[in-house]
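Trainee: any chance you can model this:
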Amino acid sequence: MQATAMREQGPSRAAPATAQESPFFVPPILDTLGGLVGRFPAFWIWMAGLESRRLADRTQQLSVRMPIYVCGLARSGSTLLHEVISSHPSVATHRVKDFPLVFTPYWWRHATANQRAQTPRERVHRDGVMITGDSPDALEEMLWMAFFPRCHDPSTCSLLQATDRRPEFESFYDLHIRKLLLAEGKTRYAAKANYHIARLPYLAHLWPDARFIIPVRDPATHIASLMRQNRWFSVGQRKHPRALAYMRRSGHFEFGLDRRPMHLGDPEKVCRVVRAWKAGDEVRGLAIYWDMVHGYLARLLAENSAVRDAALVVRFESLCAAPAQVLQDVLRHCALQGGEQIAEGHAPRIRTPSYYDSGFTPNDLAVIREETATTASHWGY
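Mentor: So this is what the prediction gives:
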């Protein structure tokens, strides 16, 4: 089980003695494989189809029932929630070792089945989360990028509605989940997929029994965390360009040199975010972005009964203050039995982050309030 203590990036640590010791180091072979997958999506979709045909007799006996999606703006607790849900014995998910061959989950899992156990290491975010190759990871986005190549273009609306139809993708996606269930011998699927914020109505149509876990966080502390991570990733990616390529190929644009906002149907706000970031006005840019994302979610939950009925909102602060109770609520919402024991097992590792000075000036805090106050009040902040 991973350590799930929640703490923010602390004071600078000693620089690694060699490039290989840097948390941003990406082995050349992994970079090469990642490039092959990223450049030739059509080939890997074909390979996925071949795998599906070979496994058809077995996958047709499985069904995708009540898939679970954890989706919220990065740094809101989504990784922890994904980890807890994925620790349930019935749940299959993508894992660190699946990158980059995520398109053929059954074959790749069998190819890596005899790998030597790894010593846990702290993930690159420096947030106390310890990982190995078997740890849950947010890799599903790679599949969506192959079928929706402009889904991370800030100039293009990325919303998918219940009325949207993509038959080729939907067939591929259904079979992909079945193959992952088969590979792990599980009955339920879970994914951490923050960009699914833009796809909740579509997912609720695909899987009417889906469960959505939506973490939210106080804007000031949330923005402080996002700023720290962006600085840290930007420094690391400048020194290690392969780390930037890894982030792009795995579908992560939350921090670093290629940070991109989601386009949730309000082009004016997206332009304001991008302009602020380019001008170096991090606080205002992230405050606008926080308001845009959480304002969209508030309206969606108010207007869309299918999404509202499937969703559980998890406040970051409540999770840190009463982890056992909140985790039990999460597992109960997901219809996962044995939630009390799982929640009690994870709860001791969860605590409110020990913040050091965020560096916010009174003016910074005033900007955050100016841009987020109305939306924040809706969420109880």
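
Trainee: show me the strands in the stretch 151-300 of the chain, by range?
Mentor: Secondary structure of the stretch 151-300 of the chain (DSSP state E, counting those that start in this stretch): strands located at 188-192, 211-216.

Trainee: ok, the last one: who's next to it in the sheet?
Mentor: As defined by DSSP bridges, the strand partners of strand 211-216 come to strand 68-70 (parallel), strand 311-315 (parallel).

Trainee: okay, it in PDB with CA atoms only?
Mentor: What follows is strand 211-216, C-alpha atoms only, in PDB (Å, rounded to 0.1, in the frame of the first residue of the first chain):
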ATOM      1  CA  ARG A 211     -20.000   6.800 -10.300                       C
ATOM      2  CA  PHE A 212     -18.200  10.200 -10.300                       C
ATOM      3  CA  ILE A 213     -16.000  11.400  -7.400                       C
ATOM      4  CA  ILE A 214     -15.300  15.100  -7.700                       C
ATOM      5  CA  PRO A 215     -12.800  16.600  -5.200                       C
ATOM      6  CA  VAL A 216     -12.800  20.300  -4.600                       C
END
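
Trainee: distance from the chain centre to that strand, please.
Mentor: 11 Å (Cα atoms, centre = their mean, to the nearest Å).

Trainee: got it, and stretch 203-214?
Mentor: That offset, for stretch 203-214, works out to 16 Å (Cα atoms, centre = their mean).

Trainee: circling back to that earlier point, and the strands of the stretch 151-300 of the chain: which comes nearest A298?
Mentor: Closest to A298 of those, according to Cβ to Cβ: strand 211-216, at 9.7 Å. (Each C-beta comes from the backbone N, C-alpha and C, glycine too.)

Trainee: any chance you could list what contacts the closest one?
Mentor: 66-73, 76-78, 81, 85, 196-197, 200, 203-204, 294, 297, 307, 310-316, 319, 330, 333-335, 379 (Cβ atoms under 8 Å, 6 or more residues apart in numbering).

Trainee: now do that strand against strand 188-192, angle only.
Mentor: Following axes from the mean of the first three to the mean of the last three Cα atoms, to 10 degrees, one obtains 20 degrees for the angle between strand 211-216 and strand 188-192.

Trainee: now the helices for the stretch 101-250 of the chain?
Mentor: Assigned by DSSP state H, counting those that start in this stretch, the stretch 101-250 of the chain shows helices spanning 105-111, 141-147, 167-184, 200-206, 219-239, 241-250.

Trainee: just the CA coordinates of the first one, formatted as PDB?
Mentor: Think helix 105-111. Output of helix 105-111 as PDB, limited to C-alpha atoms (Å, rounded to 0.1, in the frame of the first residue of the first chain):
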ATOM      1  CA  PRO A 105      -3.400  -3.800 -21.500                       C
ATOM      2  CA  TYR A 106      -3.800  -7.500 -21.400                       C
ATOM      3  CA  TRP A 107      -0.700  -8.400 -23.400                       C
ATOM      4  CA  TRP A 108       1.400  -5.800 -21.600                       C
ATOM      5  CA  ARG A 109       0.300  -7.000 -18.200                       C
ATOM      6  CA  HIS A 110       1.300 -10.500 -19.100                       C
ATOM      7  CA  ALA A 111       4.600  -9.300 -20.500                       C
END
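
Trainee: right, I'll leave it there.
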